[in-house]
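Visitor: Sequence and predicted structure are below.
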Amino acid sequence: MTIHLSAEGFTAPGMDTFWDWALRSFPGARARMGEYAPVGEPAQVGDHDVVLYYAALGAPVESQDRTTALCWELYPEMARYLPPDTRKIEMMRDAARACRWRTVSTSLAVPDFDFAGEVEVLPIGVDTDLFAPRIFEKQRLRDKWGIPIRARVGFWSGTLHPMKGFRGVVDYVRDHPDVFWVILWKWPPTPPVEVTPISGTWERRPALPIANAVEYSHLPQSDVAELMACCDFVLCSGLLRPFYLVEWEAMACDLAPVVTGNPAKDFVPSGYPRDDVFNQGWDRFSALELWLEYLEQRGNE
């Protein structure tokens, strides 16, 4: 069995995505799109091969008979923020219909896609070796990154897409003026670009409206882990219903999750953030076991 990975891209500076992990972890995995994809025509999908397809792109689906749609980003809240003329949500639904199988990362998303058939819940996985508490290094790391030694420090990472909840960050900062912030942007500042039917938003970043903060973008994962280890809590202001990868990474560093806006999350934190990561099966060892079992079943169907 060959696992074909079909995504918009596989790496970006400072990121270690599901796709990078899959290329390293799944036996025989090959990229069909993105930085690692071979030049020329992709290999044909065999009778026991499986294609993993990122349904959030809404692009036409190849090799439908052997394809699993990874339905990670369809949430009813999107409809409130996307321009009325965008077809993104319907395109994602079309992708789910076109694929033979479907997976989501949280049970809360199953009702969004079960109209198209059976939906499996599979995690993505956090590198709990890299993202780990560094209690005895915190003072040294804060000095290294220019963070006040005695401050209460909050961490937030994302983009200006409305679903990421940066407006909630600004509101929280206003109500908690004594907190020092580490802000990590997914993308560097860019000029305004045209709104597209896929993104449905402008990715334009003004000056950071937070005085007591350091901000970074496109850092290596090792630096991200150090910055998280400097902090006391992670602000979960996004509108997505599950806790998601950057929040799980912060929780693996034992940062307490502070949730704004009272969204319906997929579980209630216990007060022991790193333990929660393992208990929910979001460490990479547990995730890999589930994915390999799932892919073996699909390859035999």
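Guide: Structure received. Just so it is clear, the model here is predicted, and its values are computed rather than measured.

Visitor: Name the helix or strand for Glu120, please.
Guide: Glu120 is part of strand 119-121, with elements assigned from DSSP states H and E.

Visitor: what lines up beside that strand in the sheet?
Guide: Taking DSSP bridges as the criterion, strand 119-121 forms sheet pairs with strand 101-104 (parallel).

Visitor: so after the strand it pairs with, what's the next helix or strand?
Guide: Next helix or strand after strand 101-104 toward the C-terminus (DSSP H and E): helix 110-113.

Visitor: which helices and strands sit right next to that next one?
Guide: Counting contacts by 3 or more C-beta pairs under 8 Å, 6 or more residues apart in numbering; DSSP states H and E, helix 110-113 packs against strand 101-104, strand 119-121. No exception for glycine: its C-beta is placed from N, CA and C like everyone else's.

Visitor: mind listing what's buried in the shortest one?
Guide: Using 16 or more other C-beta atoms under 10 Å as the burial criterion, the residues of strand 119-121 that qualify are Val119.

Visitor: what's in contact with that strand?
Guide: 71, 101-107, 109-110, 113, 294 (C-beta atoms under 8 Å, 6 or more residues apart in numbering).

Visitor: between these, which is closest to Met92?
Guide: Cys71 (7.0 Å; C-beta to C-beta).

Visitor: ok, which stretches of the stretch 51-200 of the chain are strands?
Guide: Assigned by DSSP state E, counting those that start in this stretch, the strands in the stretch 51-200 of the chain fall at 67-70, 101-104, 119-121, 153-158, 180-185.

Visitor: Next, format the ones you listed as JSON lines and append distance to Pro269.
Guide: Below are those laid out as JSON lines (distance: least, C-beta to C-beta, whole Å):
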{"stretch": "strand 67-70", "distance to Pro269": "25"}
{"stretch": "strand 101-104", "distance to Pro269": "21"}
{"stretch": "strand 119-121", "distance to Pro269": "19"}
{"stretch": "strand 153-158", "distance to Pro269": "15"}
{"stretch": "strand 180-185", "distance to Pro269": "20"}
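
Visitor: Glu289 in helix, strand or coil?
Guide: The three-state assignment at Glu289 reads helix, by DSSP: H, G, I helix; E, B strand; the rest coil.

Visitor: In this structure Gly238 contacts Phe166, no?
Guide: No: the pair Gly238 and Phe166 fails to qualify as a contact (C-beta atoms under 8 Å) at a distance of 9.1 Å.

Visitor: Low-confidence bits of the stretch 51-200 of the chain, can you list those?
Guide: Within the stretch 51-200 of the chain, the stretches with pLDDT under 70 are 57-60, 62-63, 73-77, 81-85, 187-200.

Visitor: quick one: contacts for Ala22?
Guide: By C-beta under 8 Å, 6+ apart, the neighbours of Ala22 are 3, 5, 29, 52, 291.

Visitor: Grab the nearest non-local neighbour of the third one.
Guide: Meaning Ala29. Nearest in space to Ala29, with sequence neighbours left out and distances taken as C-beta to C-beta, 6 or more residues apart in numbering, is Ile3 at 4.3 Å.

Visitor: burial count for the one you found?
Guide: Per other C-beta atoms under 10 Å, the neighbour tally for Ile3 reads 22.

Visitor: What of Asp143?
Guide: Based on other C-beta under 10 Å, the number of other residues close to Asp143 is 12.

Visitor: any idea how far the residue lying closest to it once chain neighbours are set aside is from Gln139?
Guide: Nearest non-adjacent residue to Asp143, counting by C-beta to C-beta, 6+ apart: Ile149, 7.0 Å away. Distance, Ile149 to Gln139, by C-beta to C-beta, to the nearest Å: 6 Å.

Visitor: ditto for His176
Guide: For His176, the distance to Gln139 equals 23 Å [C-beta to C-beta].

Visitor: Pull the contacting residues for Ala55.
Guide: By C-beta under 8 Å, 6+ apart, Ala55 lies in contact with 69-72, 74, 92, 95-96, 99, 102.
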